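Undergrad: Provided below for reference: sequence and predicted model.
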Amino acid sequence: MILTDTRILQELYRRMLQIRKVEEKIAELYPEQEMRCPVHLCIGQEAIPVGVCANLLAEDCVLSAHRSHGHYLAKGGNLNAMMAELYGKKTGCSGGKGGSMHLVDIEAGFLGSTPIVGSTIPIAVGVAFASVSRGERRVVVVFFGEAAIEEGVFHESLNFAALKKLPVLFVCENNLYSVYSPLSVRQPNGREVYTLAKSHGIASYHGDGNDIFEVFNLAQEATAEIRQGGGPIFLEFKTYRWLEHCGPNLDNHLGYRTRQEFEEWKRRCPLKKKKEYLRDKKLMCDSDFDRIASEIDAEIQSAVRFAKESSFPEEHLLLKHVYAP
């Protein structure tokens, strides 16, 4: 399906730009050492969270992994609360105790992110199982990188989801590397990631993770089928992170990826492609782009100010929400 709704097209661009600018601001501020948590930035991968989450309802749920800022914001997470969490403040979405890799926002339907590879996949399946048991009709989305398919729990979870026809959308963001290790040293040559999900009897599709239209359309078809009781679906999107695995810097000097490869993926920037499309179709002009960028910059400045001015958690909150009652 070709997207023709101008409002949706503009909103998709705005959401991608917000994620890009938030991540760039985090990278800019991180050297101040006031954010005392590791950060895994998703610059270059913005089309996937935006394209998928644009098809979700408020009651749908999302879970994520360590590179989760884009997923959190795309699902409607609070920017002030996210920035405060990175600064370890009690106004953060996890009370200042989770940091970048442990974002939780129940009101936004963002049930959590964790840095343990593959760990939220079985949780997502459990959430879907509980939802079905209660007679609810919600879609549960779990985002993960391609390294997660190398974990045993990935296969156990897909098998159970297929068996019970659970309403889970598995979204694999294949950015080609696990830290510094390419697919070639981790998985057999010539095997595509999405084919593993097919072997569990799950409908599986793959697309260009840097093309917001392709992501949106595949996610739209998948969520519609899941809502109709079709069971779980697996989507693999190939994409590329621009910065280092963990941290705010470029790391091309380490030699695990070539300059040519890096530049080729930068030319495929999802934001650049979307901006060119909107301009060519005369759906937005330079003043529109400038206005949206200024609005987002103001939101980010306000969120940073909120985070820096917020208080740290008091000592009596140390064990709150850490253990179940």
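TA: Alright, I've got the coordinates. Numbers count the residues shown, from 1 in each chain.
Undergrad: going forward, measure contacts and count neighbours with C-alpha atoms only.
TA: OK.
Undergrad: Name all residues that make contact with the residue nearest to the spatial centre of the chain.
TA: Closest residue to the average C-alpha location of the chain: His71 at 3.1 Å, with Cα atoms, centre = their mean. By Cα atoms under 8 Å, 6 or more residues apart in numbering, the residues touching His71 are 49-50, 53, 62, 64, 143.
Undergrad: repeat that with 10 Å
TA: 19, 42, 46, 48-50, 52-53, 62-65, 77, 110, 113, 142-143 (Cα atoms under 10 Å, 6 or more residues apart in numbering).
Undergrad: How about Ala47?
TA: Contacts of Ala47 by Cα under 10 Å, 6+ apart are 12-13, 15-17, 19, 70, 74, 208-216, 237, 239, 269-271, 274.
Undergrad: Could I get the full set of strands for the chain?
TA: All strands of the chain, identified by DSSP state E, fall at 61-64, 110-113, 140-145, 168-174, 177-178, 181-182, 203-208, 233-238.
Undergrad: Mind checking those for the one nearest to Thr223?
TA: strand 168-174 (7.3 Å; Cα to Cα).
Undergrad: State the distance from Ala108 to Tyr177.
TA: With distances taken as Cα to Cα, to the nearest Å, Ala108 is found 30 Å from Tyr177.
Undergrad: now do Arg20
TA: 20 Å.
Undergrad: Make sure Ala219 is actually in contact with Gly209.
TA: No - contact criterion Cα atoms under 10 Å: Ala219 and Gly209 do not qualify, at 11.4 Å.
Undergrad: what do those two both touch?
TA: Looking at what touches both Ala219 and Gly209 (by Cα under 10 Å, 6+ apart), the common residues are 48, 51.
Undergrad: For ChimeraX, write the select line for the buried members of the contacts of Ala47.
TA: A single ChimeraX command selects the buried members of the contacts of Ala47 (16 or more other Cα atoms under 10 Å):
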select :12,13,15,16,17,19,70,74,208,209,210,211,212,213,214,215,216,237,239,269,270,271,274
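Undergrad: Please flag which of the contacts of Ala47 sit within helices.
TA: Of the contacts of Ala47, the ones assigned to helices by DSSP state H are 12-13, 15-17, 19, 70, 74, 212-216, 270-271, 274.
Undergrad: Can you tell me which of those is nearest Ile300?
TA: Ile19 (10.3 Å).
Undergrad: thought the closest one was touching Val50?
TA: Yes - the pair Ile19 / Val50 is scored as a contact, 9.0 Å apart, by Cα under 10 Å.
Undergrad: anything in contact with each of the two?
TA: Joint contacts of Ile19 and Val50 (Cα under 10 Å, 6+ apart) are 70-71, 73-74.
Undergrad: can you redo the strands of the chain as CSV with mean pLDDT?
TA: Output for the strands of the chain, formatted as CSV (pLDDT from 0 to 100):
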stretch, mean pLDDT
strand 61-64, 98
strand 110-113, 97
strand 140-145, 98
strand 168-174, 98
strand 177-178, 96
strand 181-182, 95
strand 203-208, 98
strand 233-238, 98
